[in-house]
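K.L.:
Just a sequence and a predicted model for now, questions to come.
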Amino acid sequence: MESLIRQAVNLRLKGNGKFWLEENAEIILHARCKWLSGVWSDFTNSILTWRIYPATS
């Protein structure tokens, strides 16, 4: 688990010349975790489905 956190956070969000606003870093971290956990397709499909058929309130 610690190795995954290191890879997802330290190597991708921290580095020379990388500057992130807090809200943007959180989005990138969320997307990176989806990719590493192998659910990227489900994640992107849910976004596309939501954009095509938005929930009505």
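P.N.:
Perfect, I can see it now.
K.L.:
ok, then the element right after the worst-scoring helix or strand of the chain on mean pLDDT?
P.N.:
Ranked by mean pLDDT, DSSP states H and E, the helix or strand of the chain with the weakest confidence is helix 12-13, at a mean of 68. On the C-terminal side of helix 12-13, the nearest following helix or strand under DSSP states H and E is helix 22-36.
K.L.:
So for the residue nearest to the spatial centre of the chain, what's the nearest residue that isn't a sequence neighbour?
P.N.:
Centroid-nearest residue in the chain, with Cα atoms, centre = their mean: residue 31, separated by 1.3 Å. Computed as Cβ to Cβ, 6 or more residues apart in numbering, the closest residue to residue 31 that is not its neighbour in sequence is residue 43, at 7.7 Å. The C-beta positions use only the backbone N, C-alpha and C, and glycine is treated the same way.
K.L.:
Quick one: neighbours of the one you found, just the number.
P.N.:
15 (other Cβ atoms under 10 Å).
K.L.:
and for the helix or strand harbouring it, what are the contacting residues?
P.N.:
Assigned by DSSP H and E, residue 43 belongs to helix 40-52. Applying Cβ atoms under 8 Å, 6 or more residues apart in numbering, the external contacts of helix 40-52 come out as 31, 34.
K.L.:
and it, average pLDDT?
P.N.:
For helix 40-52, mean pLDDT is 80.
K.L.:
Output that helix as CSV, restricted to C-alpha atoms.
P.N.:
C-alpha atoms of helix 40-52 as CSV (Å, rounded to 0.1, in the frame of the first residue of the first chain):
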residue,chain,number,x,y,z
TRP,A,40,-10.3,3.6,-15.4
SER,A,41,-12.8,2.3,-18.0
ASP,A,42,-15.7,2.2,-15.6
PHE,A,43,-14.8,5.6,-14.3
THR,A,44,-14.7,7.2,-17.8
ASN,A,45,-17.9,5.4,-18.8
SER,A,46,-19.7,6.8,-15.8
ILE,A,47,-18.5,10.3,-16.6
LEU,A,48,-19.6,10.0,-20.3
THR,A,49,-23.0,8.5,-19.3
TRP,A,50,-23.5,11.2,-16.8
ARG,A,51,-22.7,13.9,-19.4
ILE,A,52,-25.1,12.3,-21.9
